[in-house]
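Colleague: Structural data only, the sequence is not supplied:
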């Protein structure tokens, strides 16, 4: 099966990239992540000064990561003189992540462009006003012939307006989305946040944010025919295909590798062909944008249909029903008049014994 994808003239052998962060924070880390089979490299975000990172800076549950890590703890000279030259032999496209202000972009791009196949520009700390972001985009695209992708932070009020403004200013596409926050994570044994940042605040990412990230990617692609790299909440091969179907041409993953281990990249790639095949695709490119059709709102009430052979009488549907419409004894009884057709029971059934509402 052909797993390759192309973005702004750059060919990636598969759509899975490491999102900018600690796992691509120097040459040795990048070499290891490359060895896991990813389709390309995205460096940790480089700025004109090294970040003064508070410690501890990363905590995680099975559902999310909260970090206070900032950008690269190494200055640009370290990247230019040491890290980037050492990864030039890696035969993968290299996207160099940089940030943040007009002055920083003007200083960084001329010094990094020789090592880059493309740039990702983070907008994480430049506010909600799209006008200066568009100006930064215009400046960046005049400083390099390499494609520039602008990374959208979810605090931007209108993602489509952001995407339109930056592509009108010359960006090749967008990366969506960055982490959310600030948020406050309480460690149970401490009763407070363990993070070393001021007041213990951080930024949240990981599986928890997938629905938001997916919706933003889909909204952009429904309105604009531009390349999008989807980032946010990917943990398995099914998630990758969800983002492809929503219009992403590639995806970035970081947090799930922090939660489940770095080998998660390889595990996802090992399962990608099977998921694509089960959904009826013979290639990655065939999946891109296949679920972008617009749908009208629906209001009819549909009652659940119970497959008694699959049902184990676990009573979960009864316990969770917010309309008190289900009773379970030696069989499942649905009160069709009380049933609101909300779909919760079908979504929560552990044996997929309920159908007729969502499906």
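Modeller: That came through fine. Quick caveat: nothing in here was measured; it's all calculated off a predicted structure.

Colleague: C-alpha from now on. contacts and neighbour counts both.
Modeller: Fine.

Colleague: Please identify the buried residues of stretch 320-329?
Modeller: By neighbour count on 16 or more other C-alpha atoms under 10 Å, the buried set for stretch 320-329 is 321, 325-327.

Colleague: mind listing what residue 207 touches?
Modeller: Residues near residue 207 by C-alpha atoms under 8 Å, 6 or more residues apart in numbering: 63-64, 232-235, 255-256.

Colleague: Inside helices: which ones of the residues you listed?
Modeller: Counting by DSSP state H, those place 255-256 in helices.

Colleague: The stretch 101-250 of the chain: strands as residue ranges?
Modeller: Under the criterion DSSP state E, counting those that start in this stretch, strands of the stretch 101-250 of the chain are mapped to 118-122, 148-152, 173-176, 180-184, 201-205, 228-231, 250-253.

Colleague: Output those in CSV; the columns should cover mean pLDDT and mean neighbour count.
Modeller: Compiled in CSV, the strands of the stretch 101-250 of the chain are given as follows (pLDDT from 0 to 100; neighbours: other C-alpha atoms under 10 Å):
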stretch, mean pLDDT, mean neighbour count
strand 118-122, 98, 25
strand 148-152, 98, 26
strand 173-176, 98, 26
strand 180-184, 97, 15
strand 201-205, 98, 23
strand 228-231, 98, 30
strand 250-253, 98, 26
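
Colleague: between those strands, which gets nearest to residue 40?
Modeller: strand 250-253 (9.7 Å; C-alpha to C-alpha).

Colleague: Adjacent strands (with direction) for that closest one?
Modeller: When sheet partners are counted by DSSP bridges, strand 250-253 sits next to strand 16-18 (parallel), strand 228-231 (parallel).

Colleague: Residue 161 - how many residues pack around it?
Modeller: Look at residue 161: counted by other C-alpha atoms under 10 Å, it has 14 neighbours.

Colleague: Please read the previous query as pertaining to residue 261.
Modeller: By other C-alpha under 10 Å, neighbour count at residue 261 equals 11.

Colleague: on that earlier part again, so which of the strands paired with strand 250-253 is nearest residue 79?
Modeller: Across the strands paired with strand 250-253, closest to residue 79 is strand 16-18 (C-alpha to C-alpha), at 17.8 Å.

Colleague: What is the subsequent helix or strand relative to the closest one?
Modeller: helix 27-35 (DSSP states H and E).

Colleague: Residue 108 versus the closest residue to residue 83 other than its chain neighbours, what's the distance?
Modeller: Excluding the flanking residues, the one nearest residue 83 by C-alpha to C-alpha, 6 or more residues apart in numbering is residue 27, at 4.8 Å. Per C-alpha to C-alpha, to the nearest Å, residue 27 is found 18 Å from residue 108.
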